[in-house]
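[1] What shape does this take:
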Amino acid sequence: MNPRLDSLLRGTVTAVQANALTPLYALPTAVRRRLAGTPIQIDGNTLCPELQLLLRVQSLLPRTTKSDAATARAHLKTLCKLVSGHPRELQRVTDLTVRGADGQLGARLYVPRDAGRGLLVFLHGGGWVVGDLDTHDALCRALAEDAGIRVLAVDYRLAPEAPAPTAAEDAIAAFTWAVDHAEDLGADPSLVAVGGDSAGGNLAAVVAQQCVRRDLPRPALQVLLYPALDLVHRRPSRDLFGEGDFILTESDIIWYRDHYTPDPSIRPDPIVSPLLADDLTGLPPTYITTAGFDPLRDEGNEYAEALKSAGVQVTHHPHPALTHGHSNLQTLPGHTREAHKALTTHLRQTLNP
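    Residues are numbered from 1 along each chain as shown. A predicted model of the protein is given here:
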C-alpha cells in the first residue's frame with residue numbers, strides 16, 4: 001500500500017474509534033477496496049471486501065488478550081458499540097424476567113410495528129462466557145423489524161461462574177417459559193422458535209434436541225447462525241482459519257471451551273455438543289448458516305447434512321464470503337446485508353405466515 005493510502009487508513013481508524021464505522025463506509029467504494037488490500041482467497045472462497053476492510057481496521061486497533069472473563073466481556077461491549085450502528089426504533093422494547101433453570105433470568109422483548117404472531121427466543125453468542133442483552137441489542141432489533149416478529153432475548157448465566165450445562169438448562173427453561181406465556185407476549189404458542197449465533201446457536205440446537213427428548217414443547221423453527229456444535233473434535237476449517245484475523249481464532253475457541261466445560265468429561269454429551277447426538281429424528285425445521293472463513297464452518301456443514309439425513313427439513317445458507325460473527329455487523333454493506341435479508345425473509349415466511 002502506498003504511503004498516502006496508509007495515512008488515509010490510519011486517519012480513518014482514529015475516526016472510527018470516535019464515531020463507529022460511519023466514516024469508514026462513507027468513503028467511495030473504490031477507496032474502500034484499495035484500503036482493504038489484495039483480495040483474500042482461501043479454500044476456493046474470496047473474502048467479502050467490505051468485511052476485509054473491517055478486519056484490516058481491527059488489526060490496527062489496540063489488541064486485547066482474553067486474560068480473564070471480565071476483561072473479555074468489556075472488550076466485546078466496546079466492539080459491539082463500534083459495529084452496531086444506530087439502534088432501530090421499534091414499537092416497544094421491554095425488559096422483563098423469564099424462568100431459568102434455577103430462578104429468574106433477565107430478558108428483553110422486542111416488538112416491531114408490524115408484528116405478526118411469531119416469536120423468536122434468541123440466545124446470544126459469546127462463547128458461553130461473554131455477551132449479554134446489550135451486545136446483541138442491535139441484532140435483535142433488526143431481526144424483529146425486518147422479519148416482522150417478536151424477539152425475546154434471554155440473558156442466560158455465563159461461565160466460568162456457571163459452567164456447563166447451566167447455560168443449556170437456562171435456555172431450555174426460558175424457551176418453555178416463552179411457549180407457556182406466548183399469548184401474554186402477544187404471540188401464538190405454535191409459532192415460537194428458538195435461535196442464536198455461535199455459542200447461542202449451540203444452545204438453540206440443544207434446546208431443540210432436549211425439547212424433543214424430554215417431551216417438552218417443540219420449537220416451530222430452530223435458527224442456528226454459524227453455531228458451535230462439537231466441543232470434542234477438530235475439523236479442517238479450524239486449521240484453515242483459526243490462526244488468521246477472521247474474528248474467531250483457535251485460541252479463542254479453546255479459551256471459551258475451557259471456561260464453559262472445565263470438566264472435559266461433559267464435552268461428548270449432546271447437551272454441550274449437539275452434533276454428537278445419536279438420534280436427530282423429530283427435530284423441528286432448521287435454518288442454519290455457515291461462513292466460508294469461519295473455523296466452525298465444517299461442523300456447521302456437517303450438522304446440516306446430519307439433520308437432512310435424519311429427515312429434518314433444513315434450509316442451509318453457506319455464505320462463502322463471510323466470517324464468523326457476521327450477523328452482528330449490521331452497518332456493513334454487501335454480503336452481510338444479503339445474509340441478513342435471507343434470514344429475515346425466512347423468519348417472516350415461517351413465523352409470520
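[2] hey, where'd the strands end up in the stretch 51-200 of the chain?
    Residue ranges of the strands in the stretch 51-200 of the chain, as given by DSSP state E, counting those that start in this stretch, are 92-100, 103-111, 119-123, 150-155, 192-197.
[3] Kindly reformat those as TSV and extend each row with distance to residue 351.
    The way it works is simple: take the backbone N, C-alpha and C, and place the C-beta from them, glycine included. What follows is the strands of the stretch 51-200 of the chain, written out as TSV (distance: least, Cβ to Cβ, whole Å):
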stretch	distance to residue 351
strand 92-100	18
strand 103-111	13
strand 119-123	7
strand 150-155	9
strand 192-197	6
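[4] and those as a markdown table, adding mean pLDDT?
    Formatted as a markdown table, the entries for these read as follows, by pLDDT from 0 to 100:
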| stretch | mean pLDDT |
| --- | --- |
| strand 92-100 | 98 |
| strand 103-111 | 98 |
| strand 119-123 | 98 |
| strand 150-155 | 98 |
| strand 192-197 | 98 |
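[5] got JSON lines for those strands, with distance to residue 53 and mean neighbour count too?
    Shown next, in JSON lines, are the strands of the stretch 51-200 of the chain (distance: least, Cβ to Cβ, whole Å; neighbours: other Cβ atoms under 10 Å):
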{"stretch": "strand 92-100", "distance to residue 53": "31", "mean neighbour count": "16"}
{"stretch": "strand 103-111", "distance to residue 53": "30", "mean neighbour count": "19"}
{"stretch": "strand 119-123", "distance to residue 53": "28", "mean neighbour count": "29"}
{"stretch": "strand 150-155", "distance to residue 53": "29", "mean neighbour count": "28"}
{"stretch": "strand 192-197", "distance to residue 53": "22", "mean neighbour count": "29"}
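[6] This structure: helices as residue ranges?
    All helices of the chain, identified by DSSP state H, fall at 3-19, 22-25, 29-36, 49-60, 69-83, 137-147, 166-180, 199-213, 236-241, 250-260, 297-309, 335-351.
[7] Single out the most deeply packed of those.
    Mean neighbour count, computed with mean count of other Cβ atoms under 10 Å, is highest for helix 199-213 among the helices of the chain, reaching a mean of 26.
[8] elements contacting that helix?
    Helices and strands in packing contact with helix 199-213 are listed as strand 119-123, helix 166-180, strand 192-197, strand 222-225; criterion 3 or more Cβ pairs under 8 Å, 6 or more residues apart in numbering; DSSP states H and E.
[9] try 10 Å this time
    In this structure, helix 199-213 packs against strand 119-123, strand 150-155, helix 166-180, strand 192-197, strand 222-225, helix 250-260, strand 286-293, helix 297-309, with contacts taken as 3 or more Cβ pairs under 10 Å, 6 or more residues apart in numbering; DSSP states H and E.
[10] Give the other helices and strands that the last one contacts.
    Right, the one you point to is helix 297-309. helix 199-213, strand 222-225, helix 236-241, strand 286-293, strand 314-323.
[11] run the last query once more with 6 Å
    Using 3 or more Cβ pairs under 6 Å, 6 or more residues apart in numbering; DSSP states H and E as the contact criterion, the elements in contact with helix 297-309 are helix 236-241, strand 286-293, strand 314-323.
[12] Who are the packing partners of the second one?
    With contacts defined as 3+ Cβ pairs under 6 Å, 6+ apart, strand 286-293 has these neighbours: strand 222-225, helix 297-309, strand 314-323.
[13] which non-adjacent residue is nearest residue 236?
    Among residues not flanking residue 236 along the chain, residue 298 sits closest, at 6.0 Å (Cβ to Cβ, 6 or more residues apart in numbering).
[14] Would you mind confirming that the one you found makes contact with residue 239?
    No: counting by Cβ atoms under 6 Å, no contact exists between residue 298 and residue 239, whose distance comes to 9.9 Å.
[15] Go ahead and confirm residue 52 touches residue 36.
    Yes: because the distance of 4.4 Å satisfies Cβ under 6 Å, residue 52 is recorded as touching residue 36.
[16] What ranges in the chain fall below the confidence cut-off?
    In the predicted model, the chain carries pLDDT under 70 at residues 1-22, 61-65.
[17] so residue 204 makes contact with residue 194?
    Yes: because the distance of 4.7 Å satisfies Cβ under 6 Å, residue 204 is recorded as touching residue 194.
[18] Verify the contact between residue 280 and residue 311 for me.
    No: contact between residue 280 and residue 311 fails when scored by Cβ under 6 Å: they sit 8.5 Å apart.
[19] Could you tell me how many residues sit around residue 334?
    Burial measure for residue 334: 16 neighbouring residues, criterion other Cβ atoms under 10 Å.
[20] Mind checking the helices and strands packed on strand 286-293 for the one nearest to residue 137?
    Distances from residue 137 to each of the helices and strands packed on strand 286-293 were compared by Cβ to Cβ, and the smallest falls on strand 222-225, at 16.1 Å.
[21] Output the contacting helices and strands for that closest one.
    Taking 3+ Cβ pairs under 6 Å, 6+ apart as the contact definition, the neighbouring helices and strands of strand 222-225 are strand 192-197, helix 199-213, strand 286-293.
[22] Could you point out which of these sits nearest residue 180?
    Nearest of the helices and strands packed on strand 222-225 (Cβ to Cβ): strand 192-197, 9.7 Å.
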